[in-house]
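In: A predicted structure for the sequence below; I have some questions about it.
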Amino acid sequence: MRPAPTDTDAWNAYLAEGNARQARKRVAADVILRDQAGRVLTVNPTYKEGWDLPGGMAEANEPPDEAAVRELREELGLEITIHRLLVVDWVAPHGPWDDQIAFIFDAGILGPDLAAGVRPYDDELSEAVFLPSAEVADRLQARQRNRLNAAVRAIADGSIRYLRDGVEAW
């Protein structure tokens with residue numbers, strides 16, 4: 001039997017039980033960070049194959065934009081500002097992983113002194129380089145490449161792109 005909302009303790013326990021049965025989503029939060037020449041920062045993680053955009057996984061109950069800021073601070077020693085949302089991508093279950101929501105945010109343009117000093121700050125990355133977006137795309141896996149290309153288009157036209165498993169949905 002469902003308790004009355006006026007019975008605060010019972011009502012909260014009832015809601016918590018429902019919440020425990022809800023699906024949980026993994027959340028990834030990456031950024032497009034450029035230098036003054038318009039090149040895009042790309043990183044080489046040590047914990048997985050292939051290159052990636054800077055960012056990472058959100059912690060429990062952490063907003064995606066704050067996760068991106070935290071990840072760049074931890075991995076590159078950079079304090080960035082998120083300017084706007086570029087891409088949201090629902091990623092289907094694959095391999096051992098459940099589905100996830102992946103965000104890409106625009107983190108703007110670094111000044112020449114900061115860009116020249118970008119390097120891995122911890123052992124999760126082996127390299128960090130600014131490259132033309134086409135070269136970055138060549139280093140990424142297909143789903144990530146599609147996300148990057150959608151983000152570049154979103155920067156150009158001021159839109160936000162929604163993807164489903166790396167393909168623009170609308």
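Out: Looks like it came in fine.
In: which residues of this structure fall in strands?
Out: 26-34, 40-45, 55-57, 84-91, 100-109, 125-131, 161-164, 167-168 (DSSP state E).
In: can you redo these as a markdown table with mean pLDDT?
Out: Converted to a markdown table, those look like this (pLDDT from 0 to 100):
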| stretch | mean pLDDT |
| --- | --- |
| strand 26-34 | 98 |
| strand 40-45 | 98 |
| strand 55-57 | 97 |
| strand 84-91 | 98 |
| strand 100-109 | 98 |
| strand 125-131 | 97 |
| strand 161-164 | 98 |
| strand 167-168 | 94 |
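In: What ranges does the chain have for its helices?
Out: All helices of the chain, identified by DSSP state H, fall at 8-21, 64-76, 112-116, 133-139, 142-157.
In: With distance to residue 41 as added columns, please give those helices in TSV.
Out: Any C-beta I mention is one placed from the backbone N, CA and C, and that applies to glycine too. As requested, the helices of the chain are exported to TSV (distance: least, CB to CB, whole Å):
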stretch	distance to residue 41
helix 8-21	37
helix 64-76	8
helix 112-116	8
helix 133-139	8
helix 142-157	11
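In: For residue 33, find the nearest of those.
Out: Residue 33 lies closest to helix 64-76 among the helices of the chain, at 7.6 Å (CB to CB).
In: And the average pLDDT for that closest one is what?
Out: Helix 64-76 shows a mean pLDDT of 98.
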